[in-house]
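Asks: Provided below for reference: sequence and predicted model.
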Amino acid sequence: MSSPWAVLVRHADFRRLLAGNTVSLLGSSVTTVALPLTAVVHLGASATEMGVLGALGLLPHLLLGLPAGVWIDRVPYRRAVVVADAVRVGLLGAVPVLAVFGGLRMWHLYVVVTLAGTAALVESVAAQSFTPQLVPRERLLAANSMLMLGNTTVGTVGSAVGGLLVSAFTAPVAIAVDAASFAVSSLLKARIRVEGRSPSGGERRPVRLRADVAEGLRAVFAHPVMRAVVLAATVGAFAGSAQAVVLVLYLVRGLHLSPSLIGVLVATSGVAGVAGAAVATRVTRRLGPGPAFVAGMVLASVAGLVLAAAAGPFALVVAVVVLAQLLRGAGPSLYGVNQQTFRQALIPAELLSRANATWRFLAYGGQSLGALAGGAAAAALGLRATLVVTSCVMLAGTAIGAASPLRSLRRL
């Protein structure tokens, strides 16, 4: 098999896609810190409002996820990723402008995250369907590992920088970095030479939305491995999102940590993500893609339990949070690389965009509902109890994968 670095050397168009994704994620990782801090610190958001904010960013996946795959079938993948990035330049750029002129309100953030989430849905489905046209099948695992490595590396830097930018310029102004990153990303992806069309697109018959959506659903659920992956990922995504919306609240109000320290702690999960992505190909070859996927879910699931145990002297609290963040970062790298490779290797090319959209509808749509549940649970149970409950639900999702053919899947 090829190493991740060999994929970069041999496939220039994939290199351009990776470069664009990496640059945009650098800005988005700043927003990962700056946006919730804008809501909590700048606008005084409550736990319920934070839940709504998290849900709205994912709501497009729930409402538009299934038809998105059908629509993306009909347009060149290159055009879809370029336009989606360009749209987010204006959306995210509006936040610091409104803040500077004193006009930023919570409803502005609701609108921005909803529309940016729609653009993210289009870009992600198109990019994941585009990758198999830029690299051969036998190099998909290496390519996906390289994507994850690039994402986690810049995410680590961006989260740390995000905390510093928030401290220096306020949280809303820091979001301007993300807007600029999408402008650069759009230009880089526009240089991809392959137009990228689904084998079922182009001059195909007119859209039959219901029938085309049903084909995508069957492509996912008819395959026993894909069915297990999607079900495990959906349960894990629901609970993981519920946990994510209370994370900043817990660090700020539960543990009383500063914004700059929170940025560093968020970056800690990125360090683990880099390490996980760097060894994902090696671990997958050693364990097999199925067991590697399950192992990654276990690591991510127990992170919340560790975080909930943070108490005592300041140094001990920080040490426990660091451990939790290491688990939170390493797990997604390991299962993320494999679940994406499963779809690209096991789903026919003419159904891939619809299968990708189906997966995002279920997993990311579940995150939207999970964000609402997380805000409600935090208000009813408290922040620490919410971390425990959501981790237990994530472990239930892991059990679905462990009880399926994934546990013995040693190769694709």
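Replies: All right, it came through fine. None of the values given here were measured: they were computed from a predicted structure.
Asks: Could you point out the helix or strand that follows the helix or strand hosting G93?
Replies: In this structure, G93 sits in helix 77-100 according to DSSP states H and E. The C-terminal neighbour of helix 77-100 among helices and strands, as given by DSSP H and E, is helix 106-134.
Asks: buried sites along that following helix?
Replies: Within helix 106-134, the residues that count as buried by 16 or more other CB atoms under 10 Å are 106, 108-110, 112-134. The C-beta positions use only the backbone N, C-alpha and C, and glycine is treated the same way.
Asks: roughly how far out does the helix holding G93 sit from the chain middle?
Replies: Mean-position distance between helix 77-100 and its chain equals 18 Å (CA atoms, centre = their mean, to the nearest Å).
Asks: Using CSV, write out the CA atom coordinates for that helix.
Replies: Coordinates of each C-alpha in helix 77-100 appear next as CSV, following Å, rounded to 0.1, in the frame of the first residue of the first chain:
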residue,chain,number,x,y,z
TYR,A,77,-18.0,18.4,-7.6
ARG,A,78,-15.4,21.0,-8.2
ARG,A,79,-18.0,23.7,-8.6
ALA,A,80,-19.8,22.6,-5.5
VAL,A,81,-16.8,22.8,-3.2
VAL,A,82,-15.7,26.2,-4.6
VAL,A,83,-19.1,27.9,-4.3
ALA,A,84,-19.7,26.4,-0.8
ASP,A,85,-16.4,27.9,0.4
ALA,A,86,-17.1,31.3,-1.2
VAL,A,87,-20.5,31.6,0.5
ARG,A,88,-19.0,31.1,3.9
VAL,A,89,-16.6,34.0,3.3
GLY,A,90,-19.5,36.5,3.5
LEU,A,91,-21.4,34.7,6.3
LEU,A,92,-18.5,34.5,8.7
GLY,A,93,-17.2,37.9,7.8
ALA,A,94,-20.5,39.5,8.9
VAL,A,95,-19.9,38.5,12.6
PRO,A,96,-16.9,40.7,13.3
VAL,A,97,-18.3,43.6,11.2
LEU,A,98,-21.5,43.5,13.3
ALA,A,99,-19.6,43.2,16.5
VAL,A,100,-17.3,46.2,15.7
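Asks: Specify the angle between it and helix 106-134 in degrees.
Replies: Here helix 77-100 points in a direction 160 degrees away from that of helix 106-134 (axes from the mean of the first three to the mean of the last three CA atoms, to 10 degrees).
Asks: now for helix 77-100, which elements pack on it?
Replies: Of the remaining helices and strands, those touching helix 77-100 by 3 or more CB pairs under 8 Å, 6 or more residues apart in numbering; DSSP states H and E are helix 12-37, helix 106-134, helix 171-174, helix 176-190.
Asks: For my notes, please list these in CSV and give distance to Q243 and mean pLDDT for each entry.
Replies: Supplementary listing: the helices and strands packed on helix 77-100 in CSV, determined by distance: least, CB to CB, whole Å; pLDDT from 0 to 100:
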stretch, distance to Q243, mean pLDDT
helix 12-37, 13, 86
helix 106-134, 18, 90
helix 171-174, 22, 82
helix 176-190, 23, 91
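Asks: Export the ones you listed to TSV and append columns for distance to N144.
Replies: Listed next are those as TSV, based on distance: least, CB to CB, whole Å:
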stretch	distance to N144
helix 12-37	11
helix 106-134	7
helix 171-174	30
helix 176-190	18
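Asks: quick one: which of those helices is nearest R407?
Replies: For the helices and strands packed on helix 77-100, proximity to R407 was assessed by CB to CB; helix 106-134 is nearest, at 25.1 Å.
Asks: between that closest one and helix 12-37, how many degrees?
Replies: When the same axes, to 10 degrees is applied, the directions of helix 106-134 and helix 12-37 differ by 160 degrees.
Asks: Surely L62 is in contact with G365?
Replies: Yes. Assessed by CB atoms under 8 Å, L62 is found in contact with G365 at 3.2 Å.
Asks: hmm, which helix or strand of the protein has the shakiest average pLDDT?
Replies: Ranked by mean pLDDT, DSSP states H and E, the weakest helix or strand in the chain is helix 4-10, scoring a mean of 76.
Asks: What helices and strands are in contact with that helix?
Replies: For helix 4-10, the packing partners by 3+ CB pairs under 8 Å, 6+ apart come out as helix 12-37, helix 140-169.
Asks: Out of those helices, which is closest to R191?
Replies: With CB to CB, the closest approach to R191 among the helices and strands packed on helix 4-10 belongs to helix 12-37: 5.3 Å.
Asks: What residues sit buried inside that closest one?
Replies: When neighbours are counted by 16+ other CB under 10 Å, the buried residues of helix 12-37 are found to be 13-37.
Asks: hmm, back to that, okay, the helices and strands packed on helix 4-10 in CSV with distance to M50 next?
Replies: As requested, these are exported to CSV (distance: least, CB to CB, whole Å):
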stretch, distance to M50
helix 12-37, 7
helix 140-169, 16
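Asks: Identify the residues contacting stretch 120-128?
Replies: Contact partners of stretch 120-128, identified using CB atoms under 8 Å, 6 or more residues apart in numbering, comprise 17, 21, 60-61, 64-65, 68-69, 72, 77, 80-81, 83-85, 88, 196, 340, 343-344, 352-353, 356-357, 360, 364.
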